[in-house]
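Colleague: Sequence first, predicted model second:
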Amino acid sequence: MPILHVCHLDGSEHRLEFETGLSVREVLDGTPYRVRAACGGTGACGACQVRWLAGEANPPGLAEYQKLTPEERAAGERLACQLRPRGDVRILLDHPAPPSRWRSIDPADLRPAPGARPELSQHVYGVAVDLGTIHIRVALWDRKRGRRIASRRGPNPQMSFGADVLNRLEAARDRPGRAEELARLARTAIIQAVRDILKRDVGEVTPMLAEIGQVVVVGNTAMLALLGGRGIAELLAPEHWQSRIEVRPREPEPWHRDWFMPNAEIILAPPVAGFIGSDLAADLIACALTDEPAPAMLIDVGTNSEIALWDGERLRLTSAPGGPAFEGVGIRHGMPAEDGAIHRVHAGPDGGFRLDTLAGEAARGYCGSGLADAIAVLLAAGRIKPSGRFASSPGPDGLRLDPDNPRTALTAADVDAFLRAKASLSAAMATLLAEAGLDWSDLARLVVCGAFGRQLDLDHARATGLLPALDPARIELLADASLAGCERALLSADGIEYFDRIASKSDTINLSWIEGFEDRYIDHLRLRPVPPLR
């Protein structure tokens, strides 16, 4: 892939890989090095000025002749939204946008427009929100024309209360003030993302907020309960885990006031059950898993991995609380899938390793896919045993895959956390198949959703037993599927009914009540290909 070299006035430089055809602004919008902008990339605002230093790119267009003086053009000044590199390019970014935690979602992760609402005559804009435990993803749409205006991803600020959703729920139940704070944090983050889109991609904020007619939010049941301030106590009671829990806020009016969206219908898409959220339903909507008669399985990998098995007539749904290792949390040098995260590991020459990081930044730690890769590579090299133990002690500071970078170290506890999360997920998948009387070979599709899934190396996942040894042609890796399903609901006149239809054809299964699950968990508690069902 070509490289965009971004130089700064302080002498630092960053190397960013990008897809040919993107503008410099589009490349930078997914990184911390955003340009100033207020027109959505048309060139009308002229704010995204950068200096082209070297490399081949398209010539200046009409917008640049209108916004840049002859002297500026002669000095190499360009508008980042109009500058499209044709190979490796070097630029000077001397007037970056103020720092922001919001990034544009990679266009490769977004699905095509699922429809339009031409019948709408007012308040035609809509917002789709995927409220995750670790990250929040937001997209703003012109619903009438079926056009996605822009999207954003950023951290869920509730992370300051811990990655474990049970800790957040217990804090909210025991302290009403804490419940209000957790809800406020999530609501504030959502509106900040929307305002960031309106400011940079539309050019006006307050008038546009009044034109938003609908907001649809999907998420796991705990996140929706914490957002709406309802259903928290029920979620913590095991007898409600297989029941539908009401999470809609009792009083939406304060949301309208705080968000300056007086005309917006705010919808928290209903979860299927206490431990099966509307995010899994959105995944199923996005990939149309139930449209085919052949058996298929979907897994949404995360802190609380959710799994759906379609046997051609009914859905069996469950969740596997394997811990946050798949999100890079609870690992000594773990981190979410953000810039600098190691997301791929390869065996290098002379027994060394090659580490690929997101955005090409210096390695800051492992995200979930990088952790899975590292363990698979060490297993193949004999440095880790199938039991998960190191062949020789790495010492208290762990084994550094890059000897010069302490943040590339893996510890025995890290491997153990991955092994337990992997065993929980794989055993849950096997249990659903056994309950349906199916085998791995019966699956026509295996859909892996989430940021973890998109970065996954299938060979490594099969070698460690994270995924079964299916033909790669049957395995689909989808990022942001929950957001895509939410968008489909937003762009349909009866979209919220999608979630009710999913629930009507579903049976929820609590794994703790299934005989044989613990035995399967132990069977999968080794780094080896998935064993046969028994």
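Modeller: That came in fine, so what should we check first?

Colleague: how about low-confidence regions in the protein?
Modeller: 322-323, 534 (pLDDT under 70).

Colleague: let's go with 50 and repeat that
Modeller: Within the chain, no stretch falls below the threshold (pLDDT under 50).

Colleague: for it, which helix is longest?
Modeller: Criterion DSSP state H: the longest helix present in the chain is helix 412-436.

Colleague: helices or strands next to that helix in the packing?
Modeller: strand 296-300, strand 305-310, strand 315-320, helix 368-380, helix 517-523 (3 or more CB pairs under 8 Å, 6 or more residues apart in numbering; DSSP states H and E). In this view, the C-beta of every residue, glycine as well, is placed from N, C-alpha and C.

Colleague: quick one: contacts of the third one?
Modeller: With contact meaning CB atoms under 8 Å, 6 or more residues apart in numbering, strand 315-320 is reached by 272-273, 275-276, 280, 284, 290, 304-309, 424-425, 427-428, 431-432, 435-436, 502, 505-511.

Colleague: Which elements pack onto the next helix or strand after it?
Modeller: On the C-terminal side of strand 315-320, the closest following helix or strand by DSSP states H and E is strand 341-347. Counting by 3+ CB pairs under 8 Å, 6+ apart, the packing neighbours recorded for strand 341-347 are strand 353-357, strand 365-366, helix 368-380.

Colleague: Which residue lies nearest the spatial centre of the protein?
Modeller: Most central in the chain under CA atoms, centre = their mean is A451, positioned 4.2 Å from the mean C-alpha point.

Colleague: Contacts only, for that residue.
Modeller: 135, 336-337, 367-368, 479-480.

Colleague: By neighbours, which of those wins?
Modeller: G368 (31 neighbours; other CB atoms under 10 Å).

Colleague: Thought E327 was touching it, still the case?
Modeller: Yes: contact between G368 and E327 holds when scored by CB atoms under 8 Å: they sit 5.6 Å apart.

Colleague: where do the contact lists of the two overlap?
Modeller: Common neighbours of G368 and E327 (CB under 8 Å, 6+ apart) are F452.

Colleague: Arrange the helices and strands packed on helix 412-436 in CSV, one row each, with distance to R153 as further columns.
Modeller: Formatted as CSV, the helices and strands packed on helix 412-436 follow (distance: least, CB to CB, whole Å):
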stretch, distance to R153
strand 296-300, 16
strand 305-310, 20
strand 315-320, 23
helix 368-380, 16
helix 517-523, 33
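
Colleague: which one of the ones you listed lies closest to G351?
Modeller: helix 368-380 (10.9 Å; CB to CB).

Colleague: for N167, helix, strand, or coil?
Modeller: helix (DSSP: H, G, I helix; E, B strand; the rest coil).

Colleague: coming back round to it: state the distance from the residue nearest to the centre of the chain to A479.
Modeller: Computed as CB to CB, to the nearest Å, the A451 to A479 distance reads 6 Å.

Colleague: Please give me every residue in contact with the closest residue to A139 other than its chain neighbours.
Modeller: Nearest residue to A139, sequence neighbours excluded (CB to CB, 6 or more residues apart in numbering): S151, at 4.2 Å. Residues in contact with S151, defined by CB under 8 Å, 6+ apart, are 104-105, 110, 137-140, 197, 483.

Colleague: Using a markdown table, please lay out these together with neighbour count.
Modeller: Shown next, in a markdown table, are those (neighbours: other CB atoms under 10 Å):
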| residue | neighbour count |
| --- | --- |
| S104 | 22 |
| I105 | 20 |
| L110 | 18 |
| R137 | 25 |
| V138 | 28 |
| A139 | 26 |
| L140 | 23 |
| I197 | 23 |
| L483 | 28 |
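
Colleague: so can I have TSV of those residues showing secondary structure?
Modeller: Output for those, formatted as TSV (three-state DSSP):
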residue	secondary structure
S104	coil
I105	coil
L110	coil
R137	strand
V138	strand
A139	strand
L140	strand
I197	helix
L483	helix
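
Colleague: can you list the domains in the protein?
Modeller: 3-92, 107-268 (automatic domain parsing).

Colleague: quick one: contacts of stretch 176-188?
Modeller: Taking CB under 8 Å, 6+ apart as the rule, stretch 176-188 contacts 131, 136, 156-158, 160-161, 168, 171-173, 223, 226-229, 232, 255, 258-259.

Colleague: Distance from the chain centre to stretch 146-156, please.
Modeller: 12 Å (CA atoms, centre = their mean, to the nearest Å).

Colleague: for stretch 1-21, same thing?
Modeller: 24 Å.

Colleague: go on, stretch 17-29?
Modeller: 20 Å.

Colleague: ok, now how distant is Q242 from P271?
Modeller: For Q242, the distance to P271 - CB to CB - is 11 Å.

Colleague: Between the two, which is the more surrounded one?
Modeller: P271 (29 against 18).

Colleague: mind listing what that one touches?
Modeller: 220-221, 224, 244-245, 247, 277-278, 281.

Colleague: Output those residues in CSV; the columns should cover distance to V530.
Modeller: As requested, those are exported to CSV (distance: CB to CB, whole Å):
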residue, distance to V530
N220, 25
T221, 28
L224, 32
R244, 32
I245, 33
V247, 35
G277, 26
S278, 29
A281, 26
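
Colleague: quick one: which of these sit in helices?
Modeller: Those of these lying in helices (DSSP H): 221, 224, 278, 281.

Colleague: The second one against I276, yeah?
Modeller: Spelled out, it's L224. No: L224 lies out of contact with I276 (CB under 8 Å); the separation is 11.6 Å.

Colleague: which residues do the two both contact?
Modeller: By CB under 8 Å, 6+ apart, no residue touches both L224 and I276.

Colleague: what's around D507, how many residues?
Modeller: 14.

Colleague: Look up the closest residue to Y521, ignoring the ones flanking it.
Modeller: Per CB to CB, 6+ apart, closest to Y521 is A427, 4.2 Å.

Colleague: OK, contacts around the one you found?
Modeller: With CB under 8 Å, 6+ apart, A427 has these contacts: 320, 511, 517, 520-521, 523-524.

Colleague: can I get the residues you listed in TSV with neighbour count and distance to R488?
Modeller: Below are these laid out as TSV (neighbours: other CB atoms under 10 Å; distance: CB to CB, whole Å):
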residue	neighbour count	distance to R488
A320	24	26
L511	20	29
F517	22	33
R520	23	34
Y521	20	35
D523	20	38
H524	24	34
